[in-house]
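**Student:** Just a sequence and a predicted model for now, questions to come.
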Amino acid sequence: MNDAAALEADLHRLIPLSAAMAVRVGHFDVETLVLTAPLEDNRNHTGTGFAGSLYALASLAGWALLRGVFQRAGLEPALVLGEGRMRYLRPVGDDLMATATLEMAEQNALVQRLRQGRRVRGELVIPVPDMETAVYNGRFYATPATDWPTRSDHPL
């Protein structure tokens with residue numbers, strides 16, 4: 001995944017909500033991913049950012065950043081959000097933006113654990129769009145793909 005268009009296409013294919021929200025990749029490199037979404041498609045009744053859209057955008061940013069970390073390492077684990085919390089400090093009156101960041105040392109530790117066949121927990125703090133407006137805390141889990149139920153054998 002080496003360009004923004006490919007990442008956007010993957011997000012829209014794998015997580016259809018991202019297409020409905022018109023999510024775009026604003027920036028990405030090995031440590032940072034910035035996702036954006038237009039306010040017009042993600043507003044509430046007062047014309048400010050819908051809380052559910054802010055939460056979803058932050059969740060997507062964290063998930064996509066971690067997915068990229070594992071893909072670059074040649075790994076394809078089952079990656080899910082285990083817990084997420086959002087603090088809404090003031091209304092968002094512009095297009096939505098979430099910035100997920102994970103330093104290389106932390107990335108390497110996660111990859112090493114996964115390569116050892118162990119379950120991995122990654123915790124991310126994601127400003128939406130900044131720490132003074134809304135802050136998302138997400139806990140993501142990755143397991144070797146063979147340890148995770150597939151859609152066909154999932155109990156639901």
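**Tutor:** Yep, that arrived.
**Student:** Just the element for V34, please.
**Tutor:** Assigned by DSSP states H and E, V34 belongs to strand 32-37.
**Student:** so what does that strand touch, helix or strand wise?
**Tutor:** Here strand 32-37 touches strand 24-28, helix 51-72, strand 96-101, going by 3 or more CB pairs under 8 Å, 6 or more residues apart in numbering; DSSP states H and E. For every residue, glycine as well, the C-beta is placed using N, CA and C.
**Student:** and the second one with strand 96-101, angle?
**Tutor:** Angular relation of helix 51-72 and strand 96-101 on a 0 to 180 degree scale: 30 degrees, by axes from the mean of the first three to the mean of the last three CA atoms, to 10 degrees.
**Student:** average pLDDT across helix 51-72?
**Tutor:** For helix 51-72, mean pLDDT rounds to 97.
**Student:** got it, and stretch 27-40?
**Tutor:** 97.
**Student:** hmm, back to that, can you put the helices and strands packed on strand 32-37 in CSV and add distance to Y141 and mean neighbour count?
**Tutor:** Formatted as CSV, the helices and strands packed on strand 32-37 follow (distance: least, CB to CB, whole Å; neighbours: other CB atoms under 10 Å):
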stretch, distance to Y141, mean neighbour count
strand 24-28, 22, 17
helix 51-72, 10, 22
strand 96-101, 16, 23
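**Student:** Include distance to L81 when you put those into CSV, please.
**Tutor:** As requested, those are exported to CSV (distance: least, CB to CB, whole Å):
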stretch, distance to L81
strand 24-28, 19
helix 51-72, 6
strand 96-101, 12
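**Student:** any low-confidence regions in this protein?
**Tutor:** Residue ranges of the chain with pLDDT under 70: 1-2, 146-156.
**Student:** Recalculate using a threshold of 90.
**Tutor:** Applying pLDDT under 90 to the chain flags the ranges 1-4, 144-156.
**Student:** picking that back up, out of the helices and strands packed on strand 32-37, which is closest to L7?
**Tutor:** strand 24-28 (5.1 Å; CB to CB).
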